[in-house]
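Trainee: make a model of this:
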Amino acid sequence: EPIEVELNEMRQALSGTQESMRKLEEELSGVAESMAAMQQTNKFSLFLHKFYLSLHKHLEENALTLQQVFSQYDGNKDGALSGEELTGMLKDLVPDSQEEDRKSLVFFLDPMNEGMIHYGKVLQNASNVLKSGSHSVKFQIKYFTRPNQHLRVVGSHEDLGWWRSADAPRMYEVEHGTWEASVSLPGQVVYEYKYVVCKDTHAIEWLPGSNLVLELPPGPPPNLNGNGNGVSKDILVEDKWNSHPATEPLDSTVKTRSNIIRMLSAAGEF
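Mentor: Below is the predicted model:
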């Protein structure tokens, strides 16, 4: 009997462990899904900002009004663009855009698929997007590399290489063991990024742990009269190669990621 009692206790303990593992797997799956949704939303925000900046540049360079540009793509001259006509405009203004991004923007401007996207709606959204300009962000980290190696900062934006080390900004050693890179990034956006040790353009070693997070406030609005470019002065981002959220100062980007996840958890998003 004592052996049977002990076996039952072991079975119960094992069952409890299996249930705990199942719950942990579900929680991790939920976190992954939420982070993927956050990244997708952020990617669309960046594309929307890029489209409106490209549109503004096109209007200035060609001395056109938005209505005149619309009429160039308005095939049936009904005063509005269909999704297909807007897609044509997007291909011309943002030639390196992806089909997924173009479809997302068409849905954003025409969620009911009515095929009637008026220039006034684009103008209204443009005024909201262009309220925020860019920030000059100076990334700084201490790391001692081997000869012929350097650091790059890689992340979720085209100016951070879209996670491709070969296209990411190279950092320069301003003093022994201190690396810096300045990058112009749109404001009012949350970025994920990491540092990577490279030889030439090839990644040798990535910063361990989770991606770092940088949330930029709204930047100064682009000056539509040509006096100024809507870029703020340097924002200094100082990071450590080996960091832990609990030990970092309140303004640390490592701490920011921890706080974002905590807030999402409290809100029931995770």
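
Trainee: so how many other residues sit close to the closest residue to His202 other than its chain neighbours?
Mentor: Spatial nearest neighbour of His202, excluding adjacent residues (Cβ to Cβ, 6 or more residues apart in numbering): Ser165 at 7.2 Å. C-beta here means a position set from N, CA and C on the backbone, and glycine is covered the same way. Neighbour count of Ser165, defined by other Cβ atoms under 10 Å: 20.

Trainee: does Ser165 touch Thr201 like I think?
Mentor: Yes - at 6.4 Å, Ser165 and Thr201 qualify as touching, with contact defined as Cβ atoms under 8 Å.

Trainee: for the chain, give me the ranges with low pLDDT.
Mentor: Residues of the chain meeting the criterion pLDDT under 70: 1-5, 7, 16, 18, 20, 24, 26-43, 119-132, 221-233, 243-270.

Trainee: ok, which stretches of it are strands?
Mentor: Secondary structure of the chain (DSSP state E): strands located at 134-142, 150-155, 172-175, 178-186, 190-199, 202-206, 212-215, 231-239.

Trainee: and the fifth one with strand 134-142, angle?
Mentor: The directions of strand 190-199 and strand 134-142 differ by 50 degrees, with axes from the mean of the first three to the mean of the last three Cα atoms, to 10 degrees as the criterion.

Trainee: list the buried residues in strand 190-199.
Mentor: 190-198 (16 or more other Cβ atoms under 10 Å).

Trainee: pipe those into TSV and attach distance to Ser71 per row.
Mentor: TSV is the format used below for the buried residues of strand 190-199 (distance: Cβ to Cβ, whole Å):
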residue	distance to Ser71
Val190	37
Tyr191	37
Glu192	40
Tyr193	41
Lys194	45
Tyr195	48
Val196	47
Val197	52
Cys198	48
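
Trainee: out of those residues, which one sits closest to Glu180?
Mentor: Nearest to Glu180, judged by Cβ to Cβ, of the buried residues of strand 190-199 is Tyr195 at 11.5 Å.

Trainee: measure the closest one to Pro208 for me?
Mentor: 10 Å (Cβ to Cβ, to the nearest Å).

Trainee: now Leu46
Mentor: 26 Å.

Trainee: and the nearest residue to Val190 once chain neighbours are set aside, how many neighbours does it have?
Mentor: Excluding the flanking residues, the one nearest Val190 by Cβ to Cβ, 6+ apart is Glu215, at 4.7 Å. When neighbours are counted by other Cβ under 10 Å, Glu215 registers 14.

Trainee: which stretches of the stretch 1-150 of the chain form helices?
Mentor: In the stretch 1-150 of the chain, the helices defined using DSSP state H, counting those that start in this stretch lie at 2-62, 66-73, 83-93, 99-109, 119-129.

Trainee: returning to what we had before: pick the most buried one from the strands of the chain.
Mentor: Burial of those is given as mean neighbour count (mean count of other Cβ atoms under 10 Å); strand 150-155 ranks first at a mean of 24.

Trainee: which elements pack onto that strand?
Mentor: Packing partners of strand 150-155 (3 or more Cβ pairs under 8 Å, 6 or more residues apart in numbering; DSSP states H and E): strand 178-186, strand 190-199.

Trainee: now render the ones you listed as CSV, adding distance to Asn242.
Mentor: Formatted as CSV, the helices and strands packed on strand 150-155 follow (distance: least, Cβ to Cβ, whole Å):
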stretch, distance to Asn242
strand 178-186, 15
strand 190-199, 11
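
Trainee: Lys138 is nearest to which of these?
Mentor: strand 178-186 (4.8 Å).
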